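Novice: here is a sequence with its predicted model. Questions after.
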Amino acid sequence: MTNLKKIPLTKGSEFNQFLLFFEKLSAENKALIIHLLSEKAAPKKKEDKAWESLKGSVLTYIDPFEPIAVEDWEVLS
């Protein structure tokens, strides 16, 4: 492992501060941080876009601003 203290620090360098902090951690904590960083760096799966098939499916609105009664919700379940 390289000695991270040899890396020159520049004023306000958060990354260099992180490296100095990281060097002091236990191997177990380092592995956890690396795992979390690799998860963030991994490409995200594309979201399911099944809802897009609903676009344009509504033909007309009947009283769109009228409140919905409790009985109407039971039809949806």
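Specialist: The structure has been received and is ready for your questions. Numbering: from 1, shown residues only.

Novice: element containing the residue positioned nearest the centre of the chain?
Specialist: Nearest to the mean C-alpha position of the chain, by C-alpha atoms, centre = their mean, lies Lys40 at 7.6 Å. Of the helices and strands defined by DSSP states H and E, Lys40 is found in helix 27-41.

Novice: other residues contacting that helix?
Specialist: 22, 25 (C-beta atoms under 8 Å, 6 or more residues apart in numbering). Using the backbone N, CA and C atoms, a C-beta is placed for each residue, glycine as well.

Novice: now find how far off-centre it is within its chain.
Specialist: From the chain centre to the centre of helix 27-41 is a distance of 16 Å (C-alpha atoms, centre = their mean, to the nearest Å).

Novice: in this protein, which spans are helices?
Specialist: 14-24, 27-41, 70-76 (DSSP state H).

Novice: relative orientation of the first one and helix 27-41 in degrees?
Specialist: Just to be clear, that refers to helix 14-24. With axes from the mean of the first three to the mean of the last three C-alpha atoms, to 10 degrees as the basis, helix 14-24 and helix 27-41 are set at 140 degrees to each other.

Novice: quick one: mean pLDDT over helix 14-24.
Specialist: Averaging pLDDT along helix 14-24 yields 84.

Novice: all numbers from here: first residue = 588
Specialist: Sure, I'll start counting at 588 from here, so that last one is helix 601-611.

Novice: check the offset of that helix from the chain's centre.
Specialist: 24 Å.

Novice: show me what that helix is packed against.
Specialist: For helix 601-611, there is no helix or strand it packs on, judged by 3 or more C-beta pairs under 8 Å, 6 or more residues apart in numbering; DSSP states H and E.

Novice: and that helix, what's buried?
Specialist: Counting neighbours by 16 or more other C-beta atoms under 10 Å, one finds that helix 601-611 has no buried residues.
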